[in-house]
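[1] Here is the input, now give the coordinates:
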Amino acid sequence: MKTKQTLMAALVAVASVTTSAQAQCLTDAQAADLVANYVAKTPAANPENLTDADGACTRGKVNALLAQRMGKVIGYKAGLTNPAVQKRFNTDKPVWGKLYEGMVLPSGATVDAAFGARPLYEADMLVRVKSAAINQAKTPMDVLDAVDQIIPFIELPDLMVQAPPKLNGAGVTAINVGARLGVAGAPIAVPAYRGERFAMLQALADMNVSLTDGAGARLGGGKGSDILDHPLNAVVWLAGALAQEGLAMQPGDLISLGSFSALLPPKAGLSVTATYDGLPGAAPVRLSFK
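    Model (predicted):
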């Protein structure tokens, strides 16, 4: 009898946890409203009191609706990979979202300063997946072996809610990590020889990333190692996170690694340049806001 009671108590506990995890996932109607606000570039109601499971559940609904409007998924973004940015959103772990067709613009693009409801910009970086082996990556070198391009990138996220300071990690997940736009520079080919790859790996960790305005004044920046001790660790983390949800990166996917700088608000008339000092072959990436 005691065993039966213990089993029943355990089942009730599991049911309680499951119900709790699902309780705050946005309804289909709420997710539709969120996407409608995203499309209209108007601030949406904050998704509040979400657990990590709630955030993932909501992101799934939002992604399904975005896919109907935006089409093909072209990759993923790892967000909150910089401890300083994690602190801003009261979390201690990264999050991820999906990138869609039309989100990546060429260097030199001119973008409306009001490109979203809560527009921001940051120094970032993309890698392009070469091999599905990336999904088993456990080290930065595993990642480098499975990509064929490193791409300088200024990301243009949109926190899109009425009160961005109230977002936590789960809330950022729910809004697809604010994926909206970004400007990509000239790709750097990953070298064929292992010795050169080791050199690139070290350069990625040691590089100094800077954002400057049209007059050359520094706007922000950081080191390569500010992202999880090595920027390619963002992809290691992403591989594990996607696997937990039955997803995987595919050859050709673009992966955004996260912030080397603080999140900054755009202003009309501002020109922004990102440079990657110490990374051989990295040309500056530029954009202007109108």
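
[2] For the stretch 151-290 of the chain, which segments count as strands?
    Secondary structure of the stretch 151-290 of the chain (DSSP state E, counting those that start in this stretch): strands at 181-184, 188-189, 208-213, 218-223, 254-256, 271-277, 285-289.

[3] likewise the stretch 1-150 of the chain?
    Using DSSP E, counting those that start in this stretch, the strands assigned to the stretch 1-150 of the chain run over residues 73-79, 95-100, 104-106, 109-111, 122-129, 147-156.

[4] most packed of those?
    strand 122-129 (a mean of 26; mean count of other CB atoms under 10 Å). Where C-beta positions appear, they are placed from N, C-alpha and C, glycine not excepted.

[5] Run through the residues that contact the residue nearest to Val209 when sequence neighbours are not counted.
    Spatially, and ignoring its direct neighbours in sequence, Val209 is nearest to Phe260 (3.9 Å; CB to CB, 6 or more residues apart in numbering). Taking CB atoms under 8 Å, 6 or more residues apart in numbering, we find Phe260 in contact with 82, 122-125, 209, 221-224, 226-227, 231.

[6] what does Ala184 give?
    Ala184 is in contact with Val104, Leu105, Pro106, Ser107, Leu126, Ile151, Pro152, Phe153, Val285, counting by CB under 8 Å, 6+ apart.

[7] Please apply the same query to Met70.
    By CB under 8 Å, 6+ apart, Met70 lies in contact with Tyr100, Glu101, Gly102, Met103.

[8] Run through the protein and note the low-pLDDT ranges.
    Scanning the chain for pLDDT under 70 picks out the ranges 1-23.

[9] quick one: Glu101 and Val73, what's the gap?
    Distance of Glu101 to Val73, computed by CB to CB, to the nearest Å: 8 Å.

[10] Quick check: beta-bridge partners of Ala274?
    Judged by DSSP bridges, the bridge partners of Ala274 are Leu211, Val285.

[11] Dump the strands of the stretch 1-150 of the chain to CSV, plus distance to Pro251.
    Below are the strands of the stretch 1-150 of the chain laid out as CSV (distance: least, CB to CB, whole Å):
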stretch, distance to Pro251
strand 73-79, 11
strand 95-100, 15
strand 104-106, 17
strand 109-111, 26
strand 122-129, 5
strand 147-156, 9
